[in-house]
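A.B. asks: Show me how the following folds:
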Amino acid sequence: MRAHGNPDVQGRRKGQQALYVYGFTRAGAVERFSVPGVSDAADVRTLKLGNLAAICSPLSMEEFLGPEGADHTQDLEWVAPRAVRHERVLEEVMQSSPVLPVSFGAIFSSPRALSEVVDAHRQEISRFLDDIADKEEWAVKVYANAQRLRAHLERAPEFRQRLQHLPETPGARYFHEKKLQRELDERSRNEGQRLAAHIREELAPGAISVKPLRLADRGLSGRQDDMVLNSAFLVHSGQVQRFTQRVQQLAARYQAQGLTVEATGPWPPYSFCPSLEERP
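C.D. replies: All right, here's what the predicted structure looks like:
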């Protein structure tokens with residue numbers, strides 16, 4: 001959790017209210033919300049700050065901060081539904097207005113503390129909202145099935161030809177077969193990354209900007225296949241259909257080799273927005 005407006009945040013009395021912030025948009029762009037806030041209450045509102053508005057909810061300070069809050073934020077079952085509600089608020093704003101998203105867990109001790117941060121970054125926020133108005137962030141993930149990749153390489157003419165020309169003497173044949181299998185294993189490990197890089201290069205011309213994102217392991221992704229590409233693409237709104245069609249074409253092309261190519265979006269543009277973290 002990130003607390004803003006210290007030094008009095010940690011010392012506030014139990015039950016005292018703070019502001020949980022989802023992001024920023026233009027003042028007057030959104031007035032009512034149909035989705036609940038992080039605490040599952042119908043308390044999402046906007047706080048007008050000049051020509052900008054902070055999207056926020058009032059909450060009890062100790063829900064996120066202090067000893068009780070620390071226990072909460074280490075509990076995935078507590079965090080997960082609140083993180084989902086955070087995203088749904090931003091997605092609702094995106095339906096009618098550009099938004100600068102703030103990562104889950106930003107808490108301000110008072111409207112004044114929030115106003116000070118906005119004043120310090122007003123030009124950056126305004127510039128970003130202008131720039132993102134006709135653009136969308138899309139995520140592209142590629143998963144590789146190691147067994148299918150290996151099988152595809154085994155069927156390649158190069159390997160089939162080498163298998164057909166192995167030495168006839170048993171000792172030499174055994175040695176060359178083992179060498180081929182080791183080579184196949186190594187190429188299989190690298191093939192997913194090689195194809196993923198190729199897919200990224202194929203999609204890049206259809207985007208304004210591309211940002212690499214962290215690869216998730218199987219435990220986090222919940223998939224049986226390995227994630228070999230995770231990138232965010234910033235796409236002009238008018239080009240989204242063409243971009244997603246290109247993803248579908250690449251998915252069809254590489255399916256037989258054991259790759260799954262997926263595009264999801266539009267997402268709150270976290271990957272391309274400026275950082276509003278306090279500077280020294």
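
A.B. asks: Next up, the contacts around Lys141.
C.D. replies: Met227, Leu229, Asn230, Val261, Glu262, Thr264 (CB atoms under 8 Å, 6 or more residues apart in numbering). All C-beta spots, glycine's among them, are computed from the backbone N, C-alpha and C.

A.B. asks: Report whether the expected contact of the first one with Leu215 is present.
C.D. replies: Yes - between Met227 and Leu215 there is a contact at 4.9 Å, judged by CB atoms under 8 Å.

A.B. asks: who's more crowded, the two?
C.D. replies: Counted by other CB atoms under 10 Å, Met227 and Leu215 do not tie: Met227 has more neighbours, with 21 against 15.

A.B. asks: and Glu191, what pLDDT?
C.D. replies: Here the pLDDT value assigned to Glu191 is 88.

A.B. asks: re the thing from before, so which of the contacts of Lys141 wins on neighbours?
C.D. replies: Going by other CB under 10 Å, Leu229 tops the contacts of Lys141 with 24 neighbours.

A.B. asks: Name the helix or strand for it, please.
C.D. replies: Using DSSP states H and E, Leu229 maps to strand 226-236.

A.B. asks: What mean pLDDT does the following helix or strand past that strand get?
C.D. replies: Later in the chain than strand 226-236, the nearest helix or strand by DSSP H and E is helix 240-254. If you average the pLDDT over helix 240-254, you get 97.

A.B. asks: and after helix 240-254, which helix or strand comes next?
C.D. replies: Per DSSP H and E, the helix or strand that comes after helix 240-254 is strand 259-267.

A.B. asks: In its sheet, which strands sit next to that following strand, and in what direction?
C.D. replies: Neighbouring strands of strand 259-267 in its sheet, by DSSP bridges, are strand 135-144 (antiparallel).

A.B. asks: and the angle for the strand it pairs with with helix 240-254?
C.D. replies: Counting by axes from the mean of the first three to the mean of the last three CA atoms, to 10 degrees, strand 135-144 lies at 10 degrees to helix 240-254.

A.B. asks: CA-only coordinates of strand 135-144 in CSV, if you can.
C.D. replies: Taking C-alpha atoms only, strand 135-144 is exported to CSV below (Å, rounded to 0.1, in the frame of the first residue of the first chain):
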residue,chain,number,x,y,z
LYS,A,135,-5.6,5.3,-28.1
GLU,A,136,-6.1,1.9,-26.3
GLU,A,137,-3.8,-0.4,-24.4
TRP,A,138,-3.9,-4.1,-25.5
ALA,A,139,-2.0,-7.0,-24.0
VAL,A,140,-0.7,-9.8,-26.1
LYS,A,141,0.4,-13.0,-24.4
VAL,A,142,2.0,-16.1,-26.1
TYR,A,143,2.1,-19.5,-24.5
ALA,A,144,4.4,-22.3,-25.7
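
A.B. asks: got the angle between that strand and strand 226-236?
C.D. replies: 160 degrees.

A.B. asks: Now strand 135-144: average pLDDT?
C.D. replies: Mean predicted confidence for strand 135-144 is 97.

A.B. asks: Distance from the helix or strand just after that strand to the middle of the chain?
C.D. replies: Downstream of strand 135-144, the first helix or strand assigned by DSSP H and E is helix 146-154. Chain-centre distance of helix 146-154: 29 Å, with CA atoms, centre = their mean, to the nearest Å.

A.B. asks: helices or strands up against the helix or strand following helix 146-154?
C.D. replies: Toward the C-terminus, helix 146-154 is succeeded by helix 157-164 as the next helix or strand (DSSP H and E). Based on contacts counted as 3 or more CB pairs under 8 Å, 6 or more residues apart in numbering; DSSP states H and E, the elements that helix 157-164 packs against are helix 170-203.

A.B. asks: mind saving the C-alpha coords of the helix or strand just after the helix it packs on as PDB?
C.D. replies: Once helix 170-203 ends, the next helix or strand along the chain (criterion: DSSP H and E) is strand 209-212. What follows is strand 209-212, C-alpha atoms only, in PDB (Å, rounded to 0.1, in the frame of the first residue of the first chain):
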ATOM      1  CA  SER A 209       4.400   1.900 -28.700                       C
ATOM      2  CA  VAL A 210       5.200  -1.500 -27.200                       C
ATOM      3  CA  LYS A 211       6.200  -2.200 -23.600                       C
ATOM      4  CA  PRO A 212       7.500  -5.600 -22.400                       C
END
